[in-house]
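Next input, structure requested:
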Amino acid sequence: MTTTAEPAGITTGSGTAARDNLWLHFTRHSRADTADIPVIVRGEGVYIWDDTGKRYLDGLAGLFAVQVGHGREELAEAAARQTKQLAYFPLWGHAHPPALELAERLAAASPGDLNRVFFTVSGGESVETAWKLAKQYFKLTGKPTKHKVISRALAYHGTSQGALSITGIPGAKADFEPLVPSTLRVPNTNFYRAPEHADDYEAYGRWAADQIEQAIEFEGADTVAAVFLEPVQNTGGCFVPPPGYFERVREICDKHDVLLVSDEVICAFGRVGYDFAAKRYGYQPDIITTAKGLTSGYAPLGAVLASEALMEPFAGGEATFMHGSTYGGHPVSCAVALANLDLIERENLYGHVLEKETAFRATLGRLTDLPIVGDVRGTGFFYGIELVKDKATKETFTAEESERILRGYLSNALFEGGLYCRADDRAEPVVQLSPPLICDQPQFDEMEQILREALTGAWKLL
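Here you go, the predicted structure:
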């Protein structure tokens, strides 16, 4: 689990700087919580190293992003070449070759006629862009009252004001209210805690989809613009869509003239074994939002793929989509994305995920012999392990227990054991795993062994 390699580029006091100057994301900053901030200095393959030389298996691909693993020289070289040729130019009324090539490549790979590619910097910005596009599209087509958005309970869609409004995690929103109005929540597809049809997976999926239609009809179809859904919902621990779920959602959207947005910021580019997860689950979105795996996290870049129908009102006259950003479609990021997609194709990483997903699931499934493990769910290289106090009743932890066990023990125990992943209690307590797509059975076994030891210790604290 450790290495004696000396970290490069670390100066005395880096821990102090992290504690006293760097404002970390989604992190408590009490002195107790920031006393020993890990400083990650190097990555190679599926592993990362801290500034003491200790090695960790990256079980979260950074943040659901590093598809091809760390330290891939061809991506660094692509960035260097583009920097030397054209380091920066905006896409405001102009184009540059990397953006043109990448847009053409994404359009060719996308399902259906999602031929229009709008580049962003991040996943949250992609979601923000999609909502703005949906609202303006309906204004331009004579339906200006269609502006509301439906999303699922506990779903995470971003942190900007609009994307956070679509997000369905109450605790993530409370400190920033009032948010953008006109967003609605419907049930997610967590079959482990199904409130209806708990004995019939397919019937449960249809019930969950029908809640979307009920919400549309209650609000009035003339007010609802879009439904935002992740193919596999992240928060809560990898809720996979039941059979027929998206087919029914598509029918509902068509019936009520509502756009279906497939939020694939996590799921695209191999996380579930396909370039676009909508292909795996057999549905046709009107918009796909992406980021993360598009560059394997080597450079910031997102993209919104929109249908030809959505472009049509902008194709003539004076209509303009008054939206953009300084760094959206940055030439260096686009060059990295192209090299990343080349690498994924050359090494057949989509095929690798599909070939190995059953073994990964089975390896994690061994953990169900532990009394604290209630459910293991997910697909591809994307899994959640739900933790419980009582497997028979599915009783979950209290807030105090989550604080003491997840934050006070489990997160640190996993990291100290050599595994970087996420112990999350924004919904039910779960451990989330989303490793680089180059992992294989030795890494699956390593994850299971570290998890087993840490979860066994967590159970003793109950």
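
Please identify the helix or strand for Q432.
Using DSSP states H and E, Q432 sits within strand 430-433.

From the contact counts, what lies against the helix or strand following that strand?
The helix or strand immediately downstream of strand 430-433 is helix 441-461, counting by DSSP H and E. Helices and strands touching helix 441-461, by 3 or more C-beta pairs under 8 Å, 6 or more residues apart in numbering; DSSP states H and E, are strand 55-58, helix 349-365, strand 382-387, helix 411-416, strand 419-420, strand 430-433. In this view, the C-beta of every residue, glycine as well, is placed from N, C-alpha and C.

closest one to T289 among these?
For the helices and strands packed on helix 441-461, the distance to T289 is smallest for strand 382-387, at 16.9 Å, taking C-beta to C-beta.

Buried residues, the closest one. List them.
F382, Y383, G384, I385, E386, L387 (16 or more other C-beta atoms under 10 Å).

got it, and stretch 121-140?
Quick answer for stretch 121-140 (16+ other C-beta under 10 Å): 121-131, 133-140.

In helices, which of those appear?
Secondary structure from DSSP state H places 123-131, 133-140 of the buried residues of stretch 121-140 in helices.

still on that earlier bit, out of the buried residues of strand 382-387, who's nearest G162?
Using C-beta to C-beta, the buried residues of strand 382-387 come closest to G162 at F382, 25.6 Å.

show me the contacts for that closest one.
Contacts for F382 (C-beta atoms under 8 Å, 6 or more residues apart in numbering) come out as F64, V232, C238, I266, C267, R271, V272, L433, S434.

Redo the buried residues of strand 382-387 as a markdown table? Include distance to D175 and pLDDT.
Below are these laid out as a markdown table (distance: C-beta to C-beta, whole Å; pLDDT from 0 to 100):
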| residue | distance to D175 | pLDDT |
| --- | --- | --- |
| F382 | 29 | 98 |
| Y383 | 30 | 98 |
| G384 | 25 | 97 |
| I385 | 28 | 97 |
| E386 | 26 | 97 |
| L387 | 26 | 97 |
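
any idea of the pLDDT on A5?
For A5, the pLDDT comes out at 36.

Mean neighbour count, the helices and strands packed on helix 441-461: which tops it?
strand 382-387 (a mean of 27; mean count of other C-beta atoms under 10 Å).

could you dump the helices and strands packed on helix 441-461 to JSON lines with distance to V46?
JSON lines is the format used below for the helices and strands packed on helix 441-461 (distance: least, C-beta to C-beta, whole Å):
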{"stretch": "strand 55-58", "distance to V46": "6"}
{"stretch": "helix 349-365", "distance to V46": "13"}
{"stretch": "strand 382-387", "distance to V46": "15"}
{"stretch": "helix 411-416", "distance to V46": "16"}
{"stretch": "strand 419-420", "distance to V46": "10"}
{"stretch": "strand 430-433", "distance to V46": "12"}
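
quick one: which of those is nearest A103?
Going by C-beta to C-beta, the one of these nearest A103 is helix 349-365, 20.7 Å.

just so I know, which of the helices and strands packed on helix 441-461 lies nearest A95?
With C-beta to C-beta as the criterion, A95 lies closest to helix 349-365 of those, at 28.7 Å.

Kindly export that closest one (C-alpha atoms) in CSV.
Output in CSV follows, covering the C-alpha atoms of helix 349-365 (Å, rounded to 0.1, in the frame of the first residue of the first chain):
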residue,chain,number,x,y,z
LEU,A,349,-12.1,0.8,-22.8
TYR,A,350,-15.8,0.7,-23.5
GLY,A,351,-15.5,-3.0,-24.3
HIS,A,352,-13.3,-3.5,-21.3
VAL,A,353,-15.9,-2.1,-19.0
LEU,A,354,-18.6,-4.3,-20.4
GLU,A,355,-16.4,-7.3,-20.2
LYS,A,356,-15.4,-6.7,-16.6
GLU,A,357,-18.5,-5.2,-15.1
THR,A,358,-19.9,-8.6,-13.9
ALA,A,359,-16.6,-9.5,-12.2
PHE,A,360,-16.5,-6.1,-10.5
ARG,A,361,-20.1,-6.4,-9.3
ALA,A,362,-19.5,-9.9,-8.1
THR,A,363,-16.3,-8.9,-6.2
LEU,A,364,-18.2,-6.1,-4.4
GLY,A,365,-21.1,-8.4,-3.9
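
how many degrees apart are that helix and strand 382-387 in direction?
With axes from the mean of the first three to the mean of the last three C-alpha atoms, to 10 degrees applied, the angle from helix 349-365 to strand 382-387 works out at 10 degrees.

where along the stretch 1-150 of the chain do the strands fall?
40-44, 47-50, 55-58, 116-120, 148-152 (DSSP state E, counting those that start in this stretch).

Please apply the same query to the stretch 251-400 of the chain.
Under DSSP E, counting those that start in this stretch, the stretch 251-400 of the chain gives strands at 259-263, 287-290, 302-306, 373-379, 382-387.

need the contact list for E219.
The contact partners of E219, by C-beta under 8 Å, 6+ apart, come to K148, L184.

Just give me the neighbour total for F218.
9 (other C-beta atoms under 10 Å).

Does it belong to a helix, a strand or coil?
Secondary structure, DSSP: H, G, I helix; E, B strand; the rest coil: F218 is helix.

Make 146 the first number, not 1, from now on.
Shifting the count to begin at 146 puts that one at F363.

That one and L404: what is the separation?
Separation of F363 from L404 (C-beta to C-beta, to the nearest Å) stands at 18 Å.

cool, and V266?
In terms of C-beta to C-beta, V266 sits 23 Å off from L404.

For the protein, name the helix or strand with the lowest mean pLDDT.
One helix or strand of the chain scores below all others by mean pLDDT, DSSP states H and E: helix 159-165, with a mean of 68.

Please enumerate residues in contact with the strand holding Q577?
Taking C-beta under 8 Å, 6+ apart as the rule, strand 575-578 contacts 204-205, 379, 381-383, 509, 523, 527-532, 555, 559, 566-569, 592, 596, 600.

Recalculate using a threshold of 6 Å.
For strand 575-578, the external contacting residues (C-beta atoms under 6 Å, 6 or more residues apart in numbering) are G204, G382, Y528, G529, I530, E531, C566, R567, A568, D569.
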